[in-house]
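Q: Take a look and give me a structure for this.
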Amino acid sequence: MQTRLFHIIFRMTVGVILAVNPIQTLAETIEETVIVADRIDTSSQSLAVSVNVIDRKLMEALGSATLPQLLKTQVGISTTQTGGLGAVSGTRVRGQDGFRTKVLLDGVDISDPSSPQIGPRMEHVLSGSLDRIEVLRGTQGLLWGADAGGVISLTSRSGGADASLNIDVERGGYGFESETLTAASGETTVGEATLLINKVALEGFNARLDDTVLADRDGYDNDSYHLSYTSPEWQGWSATLIAREVDAQTDYDLCYTSAFGISNDCTDDYKNDSQNIVINHSDDSSQTRISWSESTSERAYATDGAVGFSTQGHNDQLTAMHSRKVGDAFRVTVGVDLDEQGYDDGFDQRSRDNNAAYANLQRESNDLIVSGGIRVDDNDDFGRHTSWRLTALTPTAFDGISAKAAIGTGFRAPSPYEIGYNTGPWAFSPATDSPLKEERSEGWEIGLRDVTGAVTWDLTYFNQQITDAIIFDLVNYSGYVQIAGESESTGIEASVDWQLAERFSVGGFVSQLDAEDSQGARLPYRPELTMQLNARYNDGDSSWMLIARHTADRVDEFGSALSDYTVMDATFSRKVTGSISLSVRAENLTNQAYTDIAGYRSPRRALYVGVKLAI
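A: Down below sits the predicted model:
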């Protein structure tokens, strides 16, 4: 199937591209830059790795309320959710679980050490607070210390050169309410400050199929606050201070009472506070960044109104990075990361340091861009580990088309939570038979792409393995166990965007994935086939977007097949005056009944209306 699909996509894509694309060389037409690939501003045209970018304009066109909803519109990324907004979500990059993906918000690691396997709580990141999303797919994120799932880098909204006030209000299906206020001082002689308040509330729906007695709505509330200040620039130097707070509560089904009875009256309270200070310096030949951050998380789970379990976690990090051009062709990037993670669940308290140093060398010319990187991590519990990455990008004989290749390695130490659970009162054999050890990952990709003309496209084949993967024992529920051997994910990703006219574009992607554990069994909730088509129009005053997404060939955690489904979403917005805009959007336009997770409902058709005021 892989070979046949590869040839079909290749021939169709290259045929269209050769017909419409102008002749351009690799070094021409620098467009946007991304940070997630090399930890510095890098031209998107010089990247040999796979990166997704969602800017603010695309977020507004999509209209989605949370980060997982936005990510599922991107090639190589799949998401699942146990109900509506705020329910536990799983975001998988190239089939890898979310805890193997590094998630950064304004440079702060928002992974929650008090969560199982330090899973980041992405369901609580509201899209109204974001300005940009960059995703580095695969095992190429060693400069960040990332594992096989890559890196998701989020940037918060901020003001521009002039003072501004933006108010967004939206109402919709399932009792959805959203308000966002963004107030910015603009650039002044004393710096620039931005205040962001984002509130979301949802009455929800009954998420569990077997909840036929209580049959209540599973709602959600999220109050998020963000405050930032950037100093005036002085001889290339500037400082940024950021504070962020999230207070969220999710109702859900299927939890246990103190007598081990089953209840569907369950609540998950989540709080996160983070602060960071960043000092930047840049000139024509170098970039320097020094940052300190801390992030604390609290979780409390209640059954029938009584809290039965609560945890606290913290992430503290000090980083320093310097990048410099050496001559006309070389750039050297070096840095250090000093991390401390810890948690307290009432039974156990654990804290651990991980210190790392990294270096990356890039050589760029008109006909070849190559880079090589290395990272050494020193972990308190699991010793020293070395990861590396090599990338290459070069023009082909076809005008405008470049060939790319990348290979890299990574490692993931068992989280303090995994270790603590296995040594706690709830674990037993086989989880307690032997101590957990680190996972190791390796992956490579090759592909073709063109980002120079009216039609931009990318075609990638990837292969990645994880050795000694750690999973929760779903057979005996004994704790976290290590699966000896290599689990493997391979696949093909093909995406295209075509600017048919100044105001109108079409695009889409096809992603084919084979994900198996070390015994050859399919990994659950990884669709073998994902396809998306989208059309978008924008004339400055009116805009609309239509998306159709097809998900096929999935199994649940017991290997049972799940039904295929196709979901359509649509958005429309119109400027009424220079400062007021109205919007209408529909999720699941055709009212498709489908299941993301076995035993749970997914939202049916929902309509939303919104008003935006810009002053």
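
Q: Give me the residue at the spatial middle of this structure.
A: residue 152 (4.1 Å; C-alpha atoms, centre = their mean).

Q: What pLDDT is listed against the residue of the chain most remote from its centre?
A: In the chain, the residue that sits farthest from the middle, by C-alpha atoms, centre = their mean, is residue 259; the gap is 38.0 Å. You'll see residue 259 listed with a pLDDT of 84.

Q: Just read off the phi/psi values of it.
A: The phi/psi pair for residue 259 (degrees, to the nearest 10) reads phi -90, psi 10.

Q: Check residue 559 too.
A: Dihedral angles (degrees, to the nearest 10) for residue 559: phi 90, psi 0.

Q: And the pLDDT for it?
A: pLDDT at residue 559 comes out at 92.

Q: one step back: separation between the residue farthest from the centre of the chain and residue 555?
A: 34 Å (C-beta to C-beta, to the nearest Å). Yep, even glycine has a C-beta here, placed from its N, CA and C like the rest.

Q: chain center to stretch 171-179, what's the gap?
A: 24 Å (C-alpha atoms, centre = their mean, to the nearest Å).

Q: can you list contacts of that stretch?
A: For stretch 171-179, the surrounding residues in contact (C-beta atoms under 8 Å, 6 or more residues apart in numbering) are 65, 84-85, 128, 167-170, 197-205, 217, 219, 585, 587, 603, 605-610.

Q: make it 7 Å
A: Identification of contacts with stretch 171-179 by C-beta atoms under 7 Å, 6 or more residues apart in numbering yields 65, 84, 128, 169-170, 199-205, 603, 606-609.

Q: likewise stretch 139-149?
A: With C-beta under 7 Å, 6+ apart as the criterion, stretch 139-149 contacts 38-39, 49, 93, 96-98, 100-102, 150-151, 337, 356, 358, 360, 373, 375, 377, 387-389, 406, 408-410, 412, 441-443, 464, 466.

Q: For that stretch, list the C-alpha coordinates in CSV.
A: Provided in CSV are the C-alpha atoms of stretch 139-149 (Å, rounded to 0.1, in the frame of the first residue of the first chain):
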residue,chain,number,x,y,z
THR,A,139,13.0,12.7,16.1
GLN,A,140,14.7,15.8,14.8
GLY,A,141,14.2,18.0,17.9
LEU,A,142,17.4,17.1,19.8
LEU,A,143,18.4,20.8,20.3
TRP,A,144,15.3,21.1,22.6
GLY,A,145,15.9,17.7,24.2
ALA,A,146,12.8,16.3,22.5
ASP,A,147,12.0,12.6,22.1
ALA,A,148,10.4,10.8,19.1
GLY,A,149,7.3,13.0,19.0
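
Q: Buried ones among the contacts of stretch 171-179?
A: 65, 84, 128, 170, 199-202, 204-205, 603, 606, 608 (16 or more other C-beta atoms under 10 Å).

Q: in stretch 590-607, what's buried?
A: 594-597, 600-603, 606.

Q: What's the end-to-end length of it?
A: End-to-end distance of stretch 590-607 (C-alpha to C-alpha, to the nearest Å): 12 Å.

Q: could you give me the average pLDDT of that stretch?
A: So the average pLDDT for stretch 590-607 ends up being 94.

Q: chain center to it, what's the gap?
A: With C-alpha atoms, centre = their mean, you get 22 Å for stretch 590-607.

Q: I'd say residue 138 and residue 50 touch.
A: Yes. Counting by C-beta atoms under 7 Å, residue 138 touches residue 50, with 6.2 Å between them.

Q: Name the spans of this structure whose pLDDT lies under the cut-off.
A: 1-31, 117 (pLDDT under 70).

Q: which residues of it fall in helices?
A: 2-20, 56-62, 67-71, 416-422 (DSSP state H).

Q: Show me what the last one is packed against.
A: When you say that, I think you mean helix 416-422. strand 330-344, strand 349-364, strand 480-499 (3 or more C-beta pairs under 7 Å, 6 or more residues apart in numbering; DSSP states H and E).

Q: Now do it: everything it contacts.
A: 113-118, 341-343, 345, 348, 350, 352, 427, 431-432, 436, 470, 479-480.

Q: Looking at the buried ones among the contacts of stretch 171-179, which is nearest residue 255?
A: Closest approach between the buried ones among the contacts of stretch 171-179 and residue 255, by C-beta to C-beta: residue 204, at 16.1 Å.

Q: if I read this right, the closest one contacts residue 220, doesn't it?
A: Yes. Counting by C-beta under 7 Å, residue 204 touches residue 220, with 6.1 Å between them.

Q: Report the set of residues contacting both of these two.
A: Listed as contacting both residue 204 and residue 220 by C-beta under 7 Å, 6+ apart are residue 84.

Q: returning to that earlier point: so among the contacts of helix 416-422, which ones count as buried?
A: 113-115, 117-118, 341-343, 345, 348, 350, 352, 427, 431, 436, 470, 479-480.

Q: Can I get the helices and strands packed on helix 416-422 in JSON lines including distance to residue 534?
A: Shown next, in JSON lines, are those (distance: least, C-beta to C-beta, whole Å):
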{"stretch": "strand 330-344", "distance to residue 534": "35"}
{"stretch": "strand 349-364", "distance to residue 534": "33"}
{"stretch": "strand 480-499", "distance to residue 534": "9"}
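
Q: Between the ones you listed, which one is closest to residue 56.
A: Closest among the helices and strands packed on helix 416-422, using C-beta to C-beta: strand 480-499, at 17.5 Å.

Q: Pairing partners for that closest one, with directions?
A: strand 455-472 (antiparallel), strand 504-516 (antiparallel) (DSSP bridges).

Q: how about the strands in the stretch 101-250 of the chain?
A: 102-105, 108-109, 130-136, 151-156, 164-172, 176-184, 192-205, 218-230, 237-252 (DSSP state E, counting those that start in this stretch).

Q: Could you work out which of the ones you listed reaches nearest to residue 308?
A: Short answer: strand 237-252, nearest of those by C-beta to C-beta, at 13.7 Å.

Q: Report the buried residues of that closest one.
A: In strand 237-252, counting by 16+ other C-beta under 10 Å, buried: 238-240, 242, 244, 246-252.

Q: For residue 184, which residues are in contact?
A: Contacts for residue 184 (C-beta under 7 Å, 6+ apart) come out as 158-159, 163-164, 192, 194.
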